[in-house]
Structures are given as structure tokens and as C-alpha cells.
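Asks: When you get a sec, could you give me coordinates for this:
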Amino acid sequence: MRILHTADWHVGRRLGRHDRAAETAAALEEVARIATEHQVDLVLVAGDVFDRPIPPVDALALGLGGLLRLAKDRPVVAVAGNHDSPELFDALAPLVRDQGRGVHLVGSIRRPDQGGVLGPEQLGIPALVGCIPFLREGRVVDFMRDAGEWYGQYAERIAALTAAFDAALAARAGTNLVPLLVAHFMVGGVKVGGSERELHVGGAYVASAQAIPPGPQYVALGHIHAPQSIPGSPVPGQYAGSLLPLDFGEAGEAKRVVIVDVEPGRLATVASIPLASGRPLVRAEGTWDQIDARIDELRNAYLDITVRVGGIDSDLGRRAADTFPFLVNVRPYRPAGERRPRSTGPRPGDDEQYADYYRRDTGEEPPPGLLELFREVLEEVADASA
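Replies: Residues are numbered from 1 along each chain as shown. Reported below is the predicted structural model:
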């Protein structure tokens, strides 16, 4: 049996002012092509299909279209991540379950014997898939019959939860079925990038390696955007990583899908298939002339640039945006040794410069009172630093 594992599509994600729908569509087409070329029997999508709980209509259509395209020739199982709405997944589930070979959306946690484990009856292949969507603290407690036994830490709760799924998989697998687990949570010790600096990546929502049970023949995880093996896992398991580099914390990071070959009772083999879709994300630093000299290299990349300046350059933002169409961030930098001593108050002309900036940025005159407020802020900053 051959499985394709992907995760963290984040359909609908923007990068600054840039819409990435075309890149996302190309990446989803690439994943579908890989699934066909490698004759995949099952696709596991380990959460964060969408970037927002209630995605815009175009993002919803794009994400569902990607799932349905994959399901044309094999079943697809997708669990909700922390960016997804469990309620939306559960509402959509009956609408897509019978499309193609079946898209099986699991939004809310279910007991293994109440839909939490999908088997040959649903999938049409000799596999058992335990499905664990992203769980917040309250949902972990609600899942249990007796909340009194769940006063431990989140890591302990997740470990006990996965153990329950492990037991259910073992009870049904026998010698003829392949037991698998797809889930969306963070295991301690993973490499974390800039994109994961969010509410649910932190000590309160980190599981230990003991949360990875020994029974499944492969564990497909999502939530961490850097492709990597699950640290400390007793069985073959991977974070597939995100579909595209989502911010500059992932600049230069190669993206992939995971292809898994597995048979009942045999060790799974894992291979990475690189993805080529998407514009590169590049950080550049130097004087304007140094950066401008790299225009052929940088013109088609999403850019985060730091420009060394000798003084105030009020035209820097406009010039950078005109030169680089996919500019995301530009910031001036003046080495400490070249900076003039702080003044003790607002400098003559500061409010005029701010007014010019406002006009360029909005195309309108500053509203009444804004410049006065700006001067008050400058005075407070000057007083605080005196």
C-alpha cells in the first residue's frame, strides 16, 4: 500500500499585501500529479487545510477542490488543525464523503468506536486510520467519560488519548490491515520556524514523544511547518511540513510531500518528494545600490529587505515597491556609529514629514487633529528617553 502524507496547506493565507491563491492552486495541482504518478492508494492530510476557521469563499472552493481532485482515484482522510473550524469540517463531511473515492473530513474528536477510526468499510482499502484533530484543553477533557481522571498536563492527556486509539487499532488490525494514525499536534523537540509563533505552539500545547504510540505502522502529523521526522517516535512518523513557505521564518526551506510504502506487519519505508511550486522568499540586506544591483535575482521573489541608509530617506518605501513587485517588507537601517545624538524633543519638520508620508500612503490629507496627536507622541517619546 502506498500513502501520500501532506499537511498545513493554509489555503487563503496571504503574505503582506500579496494574494497567494495562484501559488496554492499550482502546489495543489503538483500534489495531485505526484499522487497519480506514484500510484498512491491513500492520502492523509494532517490538518490546517485552511488558514482561517471561516475561510473566504474563494479559499473554501480552492481547498475543497484540492481535496476532491486527490479523491478522484483514491480515498482522502483530512483532520482539522488549529486553523480549521471543527464545525465547518463536520458540516462539510457528508457533502464530500461520497465524492470520487471519498473525502473523509474529521473536525471534532470522536471515540475510536464512534467514527474516530476509519476502516475498509469507509475507505475501501485494507487500512485502519485513527483520526485525531487538533485538541484544545477543554476538548480533551470533554472527550473523556470521566473528566476527573484528566487533571494531568496536556501532554499526559494527549498520550492517554493516543494510547486509546492505539488499543483500538491493535484490536482491529489483526494480520490483514495496516494501522495508521493521522493527527495535528506538536511533539517536544521539533524544529520550530517563524510561522509557528502562535498561540497553540508553546508549552501548554506540546505533547511528549510518549504520545506517539508503538502500534501504528506510520504516524502522519501536522502543525509544524518545517519538514522533519517526529523526534523520539517509536515508529516511522513524519511532519510533512507546509505546502508553501508561509513567511520569512521559512525562507529557503524546501517543501515536500511524504510517500510511505507499507504492508501489514512490515516496517514502513518513507521517501520525500520535493515540491517546486511557489515563489521563493528572500531576505536581503545592504545599501540600496547593493540591493538594486541584484534586481534580476530578486525581482520575482517575495522580499524582506533591510536597507542601510546614511540618514532619513523618505522615498525608500515607494522606490522599493516600484522596483520589486513582490516586496513584502522594507526597513531602513543606520549603523549605531553613524546615528546622530537624540534630540530632546520633536525636530522641526517632523510633522511635515509625517504629513507627506500620510499623503503618499493614503492619497488623502491628514485628518484634523492627527498631526497634533503625532507631535504629542513625539514629545512623550523624547521625554521618556531623556
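Asks: Tell me which other helices or strands the helix of greatest length in the chain touches.
Replies: The helix that spans the most residues within the chain, counting by DSSP state H, is helix 154-173. Counting contacts by 3 or more Cβ pairs under 8 Å, 6 or more residues apart in numbering; DSSP states H and E, helix 154-173 packs against strand 117-118, strand 127-132, helix 137-143, strand 178-184, strand 206-207. For glycine as for every other residue, the C-beta is placed from the backbone atoms N, C-alpha and C.
Asks: do that again at 6 Å, thanks
Replies: Judged by 3 or more Cβ pairs under 6 Å, 6 or more residues apart in numbering; DSSP states H and E, helix 154-173 is in contact with strand 127-132.
Asks: Output the strand it packs on in CSV with nothing but the alpha carbons.
Replies: C-alpha atoms of strand 127-132 as CSV (Å, rounded to 0.1, in the frame of the first residue of the first chain):
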residue,chain,number,x,y,z
ALA,A,127,-6.2,0.1,6.2
LEU,A,128,-7.3,1.5,9.6
VAL,A,129,-6.8,5.2,10.1
GLY,A,130,-7.0,6.7,13.6
CYS,A,131,-8.0,10.4,13.3
ILE,A,132,-7.1,12.9,15.9
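Asks: and that strand, average pLDDT?
Replies: Strand 127-132 comes out with an average pLDDT of 98.
Asks: how far off strand 178-184 does it point, in degrees?
Replies: 20 degrees (axes from the mean of the first three to the mean of the last three Cα atoms, to 10 degrees).
Asks: rewinding a little: now do the longest helix of the chain, average pLDDT.
Replies: Taken as a whole, helix 154-173 has an average pLDDT of 93.
Asks: For it, list the C-alpha coordinates in CSV.
Replies: The C-alpha trace of helix 154-173 is given here as CSV (Å, rounded to 0.1, in the frame of the first residue of the first chain):
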residue,chain,number,x,y,z
TYR,A,154,-1.9,18.4,28.3
ALA,A,155,1.0,16.2,27.3
GLU,A,156,-0.3,13.4,29.6
ARG,A,157,-3.8,13.8,28.3
ILE,A,158,-2.7,13.5,24.7
ALA,A,159,-0.5,10.5,25.5
ALA,A,160,-3.5,8.7,27.1
LEU,A,161,-5.7,9.7,24.2
THR,A,162,-3.3,8.3,21.6
ALA,A,163,-2.9,5.2,23.7
ALA,A,164,-6.7,4.7,23.5
PHE,A,165,-6.5,4.9,19.7
ASP,A,166,-3.5,2.6,19.7
ALA,A,167,-5.5,-0.1,21.6
ALA,A,168,-8.5,0.3,19.2
LEU,A,169,-6.2,0.0,16.1
ALA,A,170,-4.5,-3.1,17.6
ALA,A,171,-7.8,-4.8,18.4
ARG,A,172,-9.0,-4.5,14.7
ALA,A,173,-5.8,-4.7,12.6
